[in-house]
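Colleague: pasting the sequence and the predicted coordinates here, then a few questions.
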Amino acid sequence: MTEAEGRIAKEEIYQRDRRHVWHAFAPYSEQNPWVVEEAEGVHVVDLEGRRYLDAMAGLWCVNAGYGQERLARAGYEQMRRMPYYPLSAAHTPAALLADRLSGWLGADYRVFFNNSGSEANETAFKLARQYHAQTGQPGRYKIIARYRAYHGSTLGALAATGQQQRKYLYEPLAPGFLHIPAPDLYRRPDGLDPIQYGKQCAQQLEQVIVWEGPETVAAFIMEPVITGGGVILPPPNYLDEVAAVCRRHGVLLIVDEVICGFGRTGKNFGFQHSRVQPDIVTMAKGITSAYAPLSATAVRQDLYDAFKDPSDPYGYFRQVNTFGGHPVSCAVALENLSLMEELELVPRAARMGDVLAQALERLYRHPNVGDVRVHGLLAGIELVANREEKTPLEADLVKRVIAACKARGLIVGRNGDTVAGFNNVITLAPPLIIEEPEIAFIAETLDEAMQEVLGGR
Ligand SMILES: Cc1ncc(COP(=O)(O)O)c(C=O)c1O
């Protein structure tokens, strides 16, 4: 904020916001907006001076925590040295970052940079279609995705999204997308062994590919864990099984690591809990710990061979994005990866995830807590009206628990507006620097908030 802006009275800021800002994912309201003004560590401070523990790391993205001076400095220094040049040419931060990402991914990848997770997925879809066309299978255009998963807000990424409540009034979206159910261990058929269930779910994918005609299917996209859709954990063998199905039918596997990547699940990337090395990996958010916008679509190096034919005038990827791979964002990302390595934030997320899982156990004392799912520093608390029948709790009550947390200084999230009847999961994705007492505060506060809202029911 400039000095002049710093002198603007609070009321003035509220007023200007209410008059001119169209907020993301927010119904019209006569209330003043919640203005976040400062942030440090795992805490944010609002315009009224109130301090909150941000157990959502913004929007699942401030992995290294707030107030990391080194990241600010990296951005500043890059701005002074060379603030902008497009990636139709090249610049040093992008070259260094692309190389570094292959190290994090554990194999040799070629990286296309954009600004957002949505664009990273759009790029993956276009690349997958072009890859097939250039390897003699131009009929492969369909993208299979899963119900309940979110893949972005643009017309293609939203078409891949399996959440109808996000699509209503915006259709028709991009054609060529279809969906299969995602596994949900909590709601699997009674008595079914998780491994067997994982196999069955992968067979559903295989059936759809066969029935659609494999020669029409370009790619299958999935998150390692459905995150925004409700932190829905798959069976441990699911990713390995679906990767085998994709391989059998020549379908590319795109893994959306926009939330699961950069340590969130206790590994560099969520897919690394399996033996799979995906064909394409999309990433955003935690790549810069959200200090600057950046996303990446990493394509296995051998697939890139299909883009090398100099005799084909259309044989290269004909996409440019003005700010994609912005040098300032790439410089911030490089510093972010160094910081994460030095602070060992990825193994720390695994360790603190265990602490979080243990702390959240106390929530089971509430009859409305149906399932508590934790995977690294990613958690979902599924609230039900009836534990035996697993009937989802009404979304209004879930919202009231979240408001009661906020009144106590804790920010948690929820899977809002996803699929009908299933907006009943409280979500947690704190910065990976979180300490044990802060985790204890999260569990205590959730416990108190549930007691206040659900206790008398
Ligand atoms: C799994 C997943 N993919 C893609 C996206 C889209 O990313 P962005 O909002 O940066 O476009 C999101 C955003 O939350 C996401 O959670």
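Modeller: Structure received. Numbering: from 1, shown residues only.
Colleague: surely Asp17 touches Gln31?
Modeller: No - counting by C-beta atoms under 8 Å, Asp17 stays clear of Gln31, with 11.0 Å between them. Backbone N, C-alpha and C define where each C-beta goes, glycine included.
Colleague: the residue in the stretch 1-150 of the chain that the ligand sits nearest to: neighbour count?
Modeller: Proximity of the stretch 1-150 of the chain to the ligand (C-beta to the nearest ligand atom) peaks at Gly117, 2.3 Å away. Residues lying near Gly117 (other C-beta atoms under 10 Å) number 27.
Colleague: between the two ends of stretch 165-182, what distance do you get?
Modeller: Stretch 165-182 has an end-to-end distance of 17 Å (criterion: C-alpha to C-alpha, to the nearest Å).
Colleague: does the ligand sit close to that stretch?
Modeller: No - against the ligand, stretch 165-182 shows no contacts by C-beta under 6 Å from any ligand atom, the least distance being 10.8 Å.
Colleague: and for stretch 429-442?
Modeller: No - Stretch 429-442 stays clear of the ligand (C-beta under 6 Å from any ligand atom), getting no nearer than 10.1 Å.
Colleague: what's the average pLDDT for that stretch?
Modeller: Here stretch 429-442 scores 98 as its mean pLDDT.
Colleague: now do the end-to-end distance for it.
Modeller: End residues of stretch 429-442 are separated by 11 Å (C-alpha to C-alpha).
Colleague: can you list contacts of it?
Modeller: Here stretch 429-442 makes contact (C-beta atoms under 8 Å, 6 or more residues apart in numbering) with 41-42, 53-57, 60, 62-66, 227, 259, 263-264, 340, 343, 345-346, 348-349, 352, 355-356, 359, 377-379, 410, 412-413, 428.
Colleague: residue contacts, the nearest residue to Leu428 once chain neighbours are set aside?
Modeller: Spatially, and ignoring its direct neighbours in sequence, Leu428 is nearest to Ala379 (4.1 Å; C-beta to C-beta, 6 or more residues apart in numbering). Shown in contact with Ala379 (C-beta under 8 Å, 6+ apart): 231, 356-357, 360, 372-373, 427-429.
Colleague: what subset of the contacts of stretch 429-442 is also close to the ligand?
Modeller: 227, 259.
Colleague: could you turn the buried ones of the contacts of stretch 429-442 into a ChimeraX selection?
Modeller: The ChimeraX selection below is limited to those of the contacts of stretch 429-442 classed as buried (16 or more other C-beta atoms under 10 Å):
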select :41,42,53,54,55,56,57,60,62,63,64,65,66,227,259,263,264,340,345,346,348,349,352,355,356,359,377,378,379,410,412,413,428
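Colleague: so for Asp17 and Gln31, which residue has more residues nearby?
Modeller: Neighbour totals were compared for Asp17 and Gln31, and Asp17 leads with 14 against 7 (other C-beta under 10 Å).
Colleague: contact partners for that one?
Modeller: Contacts for Asp17 (C-beta under 8 Å, 6+ apart) come out as 32-33, 35.
Colleague: do that again at 7 Å, thanks
Modeller: With contacts defined as C-beta atoms under 7 Å, 6 or more residues apart in numbering, the neighbours of Asp17 are Pro33.
Colleague: tell me if it really is in a helix.
Modeller: Yes - judged by DSSP: H, G, I helix; E, B strand; the rest coil, Asp17 forms part of a helix.
Colleague: so how far is Arg318 from the residue in the chain sticking out farthest from the centre?
Modeller: Of all residues in the chain, Ser311 has its C-alpha farthest from the mean position, at 38.8 Å, by C-alpha atoms, centre = their mean. Distance of Ser311 to Arg318, computed by C-beta to C-beta, to the nearest Å: 16 Å.
Colleague: can you tell me the helix or strand for Val299?
Modeller: Using DSSP states H and E, Val299 falls within strand 295-300.
Colleague: with only the CA atoms kept, save that strand in CSV.
Modeller: Output in CSV follows, covering the C-alpha atoms of strand 295-300 (Å, rounded to 0.1, in the frame of the first residue of the first chain):
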residue,chain,number,x,y,z
SER,A,295,1.6,-22.6,-12.8
ALA,A,296,3.3,-25.4,-14.7
THR,A,297,2.4,-28.3,-17.0
ALA,A,298,5.2,-30.8,-16.9
VAL,A,299,5.2,-33.4,-19.7
ARG,A,300,7.3,-36.5,-19.7
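Colleague: packing partners of it?
Modeller: Packing contacts for strand 295-300, counted by 3 or more C-beta pairs under 7 Å, 6 or more residues apart in numbering; DSSP states H and E, involve helix 92-105, strand 109-114, helix 117-134, strand 280-283.
Colleague: can you pull out the helices in this protein?
Modeller: Here the chain has its helices, by DSSP state H, at 3-6, 10-20, 57-60, 69-81, 92-105, 117-134, 155-160, 194-212, 238-248, 301-304, 327-342, 345-360, 395-407, 436-454.
Colleague: those into TSV, with extra columns for distance to Asn386?
Modeller: Conversion of those to TSV gives the following (distance: least, C-beta to C-beta, whole Å):
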stretch	distance to Asn386
helix 3-6	52
helix 10-20	41
helix 57-60	29
helix 69-81	46
helix 92-105	43
helix 117-134	35
helix 155-160	33
helix 194-212	23
helix 238-248	28
helix 301-304	48
helix 327-342	42
helix 345-360	21
helix 395-407	13
helix 436-454	13
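Colleague: closest to Phe422 out of the ones you listed?
Modeller: Between Phe422 and the helices of the chain, the tightest spacing by C-beta to C-beta is seen for helix 395-407, at 9.1 Å.
Colleague: packing partners for the closest one?
Modeller: Using 3+ C-beta pairs under 7 Å, 6+ apart: helix 395-407 touches strand 425-428, helix 436-454.
Colleague: let me know the angle separating that helix from helix 436-454.
Modeller: Interaxial angle, helix 395-407 versus helix 436-454 (axes from the mean of the first three to the mean of the last three C-alpha atoms, to 10 degrees): 140 degrees.
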